[in-house]
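K.L.:
got a predicted structure plus its sequence, pasted below:
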Amino acid sequence: MGDLDHITSEATVSPVARLSGIRNCFGHECVHEGLELELPAGCIIALVGGSGTGKTVLLRTLSMLRRPDAGRLELFGEDALAAGEDAQRRLRRRIGLLFQGGALFTALTVLENVMLPLREHTAVRGHWLEELAMSKVRLAGLPADSASKYPAELSGGMVKRAALARALALDPRLLILDEPTSGLDPIAAAGFDALVRELTDSLGLTVIQATHDLDSIWRGSDAVAFLARKRVLAFAPAVELAQRDEPELVAYFRGSRSAEYAKLELGRSAHTSGRT
Ligand SMILES: Nc1ncnc2c1ncn2[C@@H]1O[C@H](COP(=O)(O)OP(=O)(O)OP(=O)(O)O)[C@@H](O)[C@H]1O
């Protein structure tokens, strides 16, 4: 897991995304109001908050699937909301998406699913198309023979990896994941977290993932963006948020199950700082 120095020093250089003054409303109900968030390059950010606090809506805003009612979205240094159609398409290509429900096409094999965005957004064709898609299947840690299988023939963990392979098809710089480990058993979930970490480090990705998974929050992320009161109430590593006094953070990080993680991780960081 990275430390905050790493995060803040990267953040001051070049955030991959910056949301400022974001408002998202449905009718008279606003989910976000004056929301601010920066995604430091090379980090895995856990997007956390109670049910209905607007994690999915925020990820949709970040991926330009939803235009906010107010505010500014900067992606890779560009004003994404003011950009023309071509520029927006170019920005979208740099974002890999894995939304809840995976949305793999069930009538297509894994390889065909991964080839789809390549066919749609690149000029690669024929045998190179297959080769390129196959490299993404391997990158997602799937065995070669899974490429010819249909989603229904795969385990839950493999379906997530197949969806990840498709999200990686266009070599994104930013990976947006909505509850990627939900429905997985703890071992498959830990394997998925480890894969995301490996890809982040080796490909220089930046990742934001909405999650309720305590392992992902505590062990699989560099920092947590905590949603409450219609905004990002706090942004820091989980171990720091667990020591803060805002009632929402206390409830979330010192609640019964999370308290176990807090005890372990606080003990671990005290041990580490005692050694240095
Ligand atoms: N298309 C929509 N029309 C109306 N309301 C919506 C729409 N999309 C989201 N909302 C509302 O916005 C709020 C936030 O929804 P969102 O799905 O982002 O929450 P979440 O934090 O991801 O929740 P969960 O953890 O349960 O997945 C909810 O009250 C939801 O009903």
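P.N.:
The structure has been received and is ready for your questions. Numbers count the residues shown, from 1 in each chain.
K.L.:
from now on I want contacts and neighbour counts done on CA atoms only, so please keep to that.
P.N.:
Noted.
K.L.:
and this protein, which residues reach the ligand?
P.N.:
Within the chain, the positions near the ligand by C-alpha under 6 Å from any ligand atom are 26, 31, 50-57.
K.L.:
repeat the analysis, applying 8 Å as the threshold.
P.N.:
By the rule C-alpha under 8 Å from any ligand atom, the part of the chain lying against the ligand is 25-27, 30-31, 48-58, 179, 210-212.
K.L.:
select from the residues you listed every entry located in strands.
P.N.:
25-26, 30-31, 48, 210 (DSSP state E).
K.L.:
in TSV, list these along with distance to P247, pLDDT and neighbour count.
P.N.:
Shown next, in TSV, are those (distance: C-alpha to C-alpha, whole Å; pLDDT from 0 to 100; neighbours: other C-alpha atoms under 10 Å):
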residue	distance to P247	pLDDT	neighbour count
C25	25	98	14
F26	27	97	8
C30	21	97	13
V31	19	98	21
V48	15	96	22
A210	21	96	27
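K.L.:
nearest to R89, of these?
P.N.:
A210 (23.7 Å; C-alpha to C-alpha).
K.L.:
can you give me the strands in the stretch 1-150 of the chain?
P.N.:
Ranges of strands in the stretch 1-150 of the chain, per DSSP state E, counting those that start in this stretch, are 17-26, 29-39, 44-48, 70-75, 78-79, 95-98.
K.L.:
ok, which of those strands comes nearest K160?
P.N.:
Of all the strands of the stretch 1-150 of the chain, strand 95-98 comes closest under C-alpha to C-alpha, at 8.4 Å.
K.L.:
now that closest one, how far from the centre of its chain.
P.N.:
Offset of strand 95-98 from its chain centre (C-alpha atoms, centre = their mean, to the nearest Å): 8 Å.
K.L.:
quick one: low-confidence parts of this protein?
P.N.:
Applying pLDDT under 70 to the chain flags residues 1-13, 101-102, 256-257, 269-276.
K.L.:
what ranges does it have for its helices?
P.N.:
In the chain, the helices defined using DSSP state H lie at 4-13, 55-62, 85-93, 110-121, 126-139, 156-167, 186-203, 214-218, 238-241, 247-253, 256-275.
K.L.:
return the most buried member of these.
P.N.:
Of all these, helix 156-167 has the most neighbours on average by mean count of other C-alpha atoms under 10 Å, namely a mean of 25.
K.L.:
restricting to C-alpha, output that one in CSV.
P.N.:
Provided in CSV are the C-alpha atoms of helix 156-167 (Å, rounded to 0.1, in the frame of the first residue of the first chain):
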residue,chain,number,x,y,z
GLY,A,156,-17.9,-15.2,-11.0
GLY,A,157,-14.2,-14.3,-10.6
MET,A,158,-13.4,-15.1,-14.2
VAL,A,159,-16.4,-13.0,-15.4
LYS,A,160,-14.9,-10.0,-13.5
ARG,A,161,-11.5,-10.7,-15.1
ALA,A,162,-13.0,-11.0,-18.5
ALA,A,163,-14.8,-7.6,-18.0
LEU,A,164,-11.5,-6.2,-16.8
ALA,A,165,-9.8,-7.5,-20.0
ARG,A,166,-12.4,-5.6,-22.0
ALA,A,167,-11.9,-2.5,-19.9
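K.L.:
A162 contacts S135, correct?
P.N.:
No: look at A162 against S135 with C-alpha atoms under 8 Å: they stay out of range, at 11.9 Å.
K.L.:
what lies in contact with stretch 37-55?
P.N.:
2, 7-8, 10-11, 14-20, 31-32, 197, 200-201, 204-212, 216-217, 220-228, 230, 232 (C-alpha atoms under 8 Å, 6 or more residues apart in numbering).
K.L.:
any of these buried? List them.
P.N.:
7, 10-11, 15-20, 31-32, 197, 200, 205-212, 216-217, 220-228, 230, 232 (16 or more other C-alpha atoms under 10 Å).
K.L.:
okay if I get the helices of the chain as JSON lines plus distance to I44?
P.N.:
Shown next, in JSON lines, are those (distance: least, C-alpha to C-alpha, whole Å):
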{"stretch": "helix 4-13", "distance to I44": "10"}
{"stretch": "helix 55-62", "distance to I44": "14"}
{"stretch": "helix 85-93", "distance to I44": "19"}
{"stretch": "helix 110-121", "distance to I44": "23"}
{"stretch": "helix 126-139", "distance to I44": "18"}
{"stretch": "helix 156-167", "distance to I44": "15"}
{"stretch": "helix 186-203", "distance to I44": "8"}
{"stretch": "helix 214-218", "distance to I44": "10"}
{"stretch": "helix 238-241", "distance to I44": "12"}
{"stretch": "helix 247-253", "distance to I44": "19"}
{"stretch": "helix 256-275", "distance to I44": "18"}
